[in-house]
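*Asks:* What follows is a predicted protein model with its sequence.
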There are 2 protein chains.
Amino acid sequence: MHAFNEQDYIQQLSIDCVIFGYQEKQLKVLVPKMNFKGDFWALPAGFIYQDENIDQAARRILEGRTGIKDIYLEQFRVFGDARRTNIQVLERLIQLNENELGDKRFDRKEFDWITRRFVSIGYYALVDISKVVPQQSELDASIGWYSIKELPTMIMDHNEMVEKALETLRLNLDQKLIAFNLLPQTFTMKELQELYEAIFDRPFARNNFQKKMLELNVLERLEKKFTGAANKAPYLYRFQPEA
Amino acid sequence: MHAFNEQDYIQQLSIDCVIFGYQEKQLKVLVPKMNFKGDFWALPAGFIYQDENIDQAARRILEGRTGIKDIYLEQFRVFGDARRTNIQVLERLIQLNENELGDKRFDRKEFDWITRRFVSIGYYALVDISKVVPQQSELDASIGWYSIKELPTMIMDHNEMVEKALETLRLNLDQKLIAFNLLPQTFTMKELQELYEAIFDRPFARNNFQKKMLELNVLERLEKKFTGAANKAPYLYRFQPEA
DNA sequence: ATTTATTGTCTAAAAAGTAGACAATAAATT
DNA sequence: AATTTATTGTCTACTTTTTAGACAATAAAT
């Protein structure tokens, strides 16, 4: 672990990540809760090293929280309001944690660095939850998957960020075949449909959904799945990269 | 004019603008040429004041080059390669202009500031060329509208930026009715169609194009236009904000 | 008054999307 | 082992949208 050294990073520029996952028929977002008194939820975030591409930085941050190397990710927007700063959050945090902090108080230099106005590049990522081993950082009290419909109130503009990320995800889904990144390698047509329904928050017609997906010619049908349920076993499909 | 003071700006973060216009049935981009020996074309760009929203900064830069206050603009992407720096460009520029520069040589501090790695937020803007009075800055030898098909080779990654901007513009056109920003207040259906053809670089069927546009219910038909041509005079249309 | 070039719009044909129906089938039940 | 059950896979008819062709309307030129 490196000591924090502001010179290593680009100043006043950060990356915030909306990490989407899919579980229990719900679209979820990975949100750490900070290890302080008071309810401080914040999206996984980080800074950019001087010698690092911004996409690399996003990957580093994502890997740090999910343990996964190869993650589908995409820029979706820059948040650059002039009053966008951590200072109110940090002051409230310090106030609530005065006793506990003791000599662990923030270093003055670091405090100044981090309380300036920040421009943040928003990335969203799509991951297969079953592959994720959420990595708690030292600053986290916990880290968990929250349904998009029951997100905690996060610091700053992080809730708005999730909204914008979801908006972009929906638009991109119509053009790119990226939903598969949220599923295990093999899945049934029903599971795929339920995923779409979770993302778009609306039902799809089963027969037509299947037709549409198969017409894309990117799904490979495998041997049957034996679910153990009292009915016909559905096929398993696999996303077929490059026919 | 303020003296350059690095403290006023966010460091290592810039804004580059792709300003689209439409003229002579071609989609064009406003590109200044730098006032130095050698061919240095660079997109209109600038930095962000500490107390300024990034969108405001983009507007300021745009107004400075076009003289127009109300401009349609949109973020389209962040360019953040680790090796993204002005230094090669500036070194070549200084080399080519050694004699001319004389004591006008760059201030050391300013040079250091500007040659660091930069992350740049790309904005594209849509303007009615007839309203634009291109504003040459002191650094410009000229500023002109270049057809998207005959762009000069610009510094750094600016040509790639234009490509990405056009890509985003095309995608957005399918969803938002923003093409009108490129036209004068009134226009004929044919002019609108030719604009779309210039943007998408493909023909549209006249009858169906007209039907589609009218079905959007955002065009107000005005009195006829008298073109002076030997044929039926077409209607003039106007974009109708909010029915 | 006639010709010309282009615009505005109608309609038919093709394609895409939507909805209903039913056969197939794996497991559970009898 | 036959029957029942729940769900999957697919077919087809219907609807809507898109595309293509055709033609009347008309302002200026002849």
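*Replies:* Here it is on my side, so go on.
*Asks:* What strand or helix carries the nearest residue in space to A:Phe187 that is not next to it in sequence?
*Replies:* Of all residues not flanking A:Phe187 in the chain, A:Tyr237 sits nearest, at 6.1 Å (CB to CB, 6 or more residues apart in numbering or on different chains). Every residue, glycine included, has its C-beta placed from N, CA and C. Using DSSP states H and E, A:Tyr237 maps to strand A:235-239.
*Asks:* mind checking how far that strand is from the chain centre?
*Replies:* 25 Å (CA atoms, centre = their mean, to the nearest Å).
*Asks:* Any part of stretch A:207-220 near DNA strand C?
*Replies:* Yes - under the criterion of CB under 7 Å from any atom of the strand, DNA strand C is reached by stretch A:207-220 at A:207-208, A:211-212.
*Asks:* Could you give the average pLDDT over that stretch?
*Replies:* For stretch A:207-220, the mean per-residue pLDDT is 94.
*Asks:* go on, stretch A:230-243?
*Replies:* 80.
*Asks:* swap in stretch A:122-137?
*Replies:* The average of the pLDDT scores along stretch A:122-137 is 95.
*Asks:* Give the next helix or strand downstream of the longest helix seen in chain A.
*Replies:* Criterion DSSP state H: the longest helix present in chain A is helix A:158-173. Downstream of helix A:158-173, the first helix or strand assigned by DSSP H and E is strand A:186-187.
*Asks:* Check which helices and strands that following strand is in contact with.
*Replies:* strand A:235-239 (3 or more CB pairs under 8 Å, 6 or more residues apart in numbering or on different chains; DSSP states H and E).
*Asks:* can you tell me if the strand it packs on touches DNA strand D.
*Replies:* Yes - Strand A:235-239 reaches DNA strand D (CB under 7 Å from any atom of the strand) through A:Tyr235.
*Asks:* for stretch A:181-192, same thing?
*Replies:* Yes - against DNA strand D, stretch A:181-192 shows contacts by CB under 7 Å from any atom of the strand at A:188-190.
*Asks:* In that stretch, which residues are buried?
*Replies:* In terms of neighbour count (16 or more other CB atoms under 10 Å in any protein chain shown), stretch A:181-192 has its buried residues at A:181-183, A:187-189, A:191-192.
*Asks:* Then stretch A:80-87?
*Replies:* For stretch A:80-87, burial by neighbour count (16+ other CB under 10 Å) applies to A:80-82, A:84-86.
*Asks:* Columns distance to A:Leu43 on top of the residues you listed, output as CSV?
*Replies:* Shown next, in CSV, are the buried residues of stretch A:80-87 (distance: CB to CB, whole Å):
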residue, distance to A:Leu43
A:Gly80, 16
A:Asp81, 16
A:Ala82, 21
A:Arg84, 14
A:Thr85, 16
A:Asn86, 13
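*Asks:* just to revisit the earlier point, pull the number of nearby residues for the residue nearest to A:Phe187.
*Replies:* 23 (other CB atoms under 10 Å in any protein chain shown).
*Asks:* Find the least confident helix or strand in chain A, judged by mean pLDDT.
*Replies:* Here the helix or strand of chain A ranked lowest by mean pLDDT, DSSP states H and E is helix A:98-101, holding a mean of 84.
*Asks:* what residues go with each domain of chain A?
*Replies:* Using automatic domain parsing, the domains assigned to chain A come out as A:6-173, A:183-239.
*Asks:* looking at these, which has the lowest confidence?
*Replies:* domain A:183-239 (a mean of 91).
*Asks:* helix or strand for A:Leu13, which one?
*Replies:* Per DSSP H and E, A:Leu13 falls inside strand A:9-23.
*Asks:* List the pairing partners of that strand within its sheet, with orientation.
*Replies:* Strand A:9-23 pairs in its sheet with strand A:26-34 (antiparallel), strand A:45-49 (antiparallel), strand A:119-126 (parallel), by DSSP bridges.
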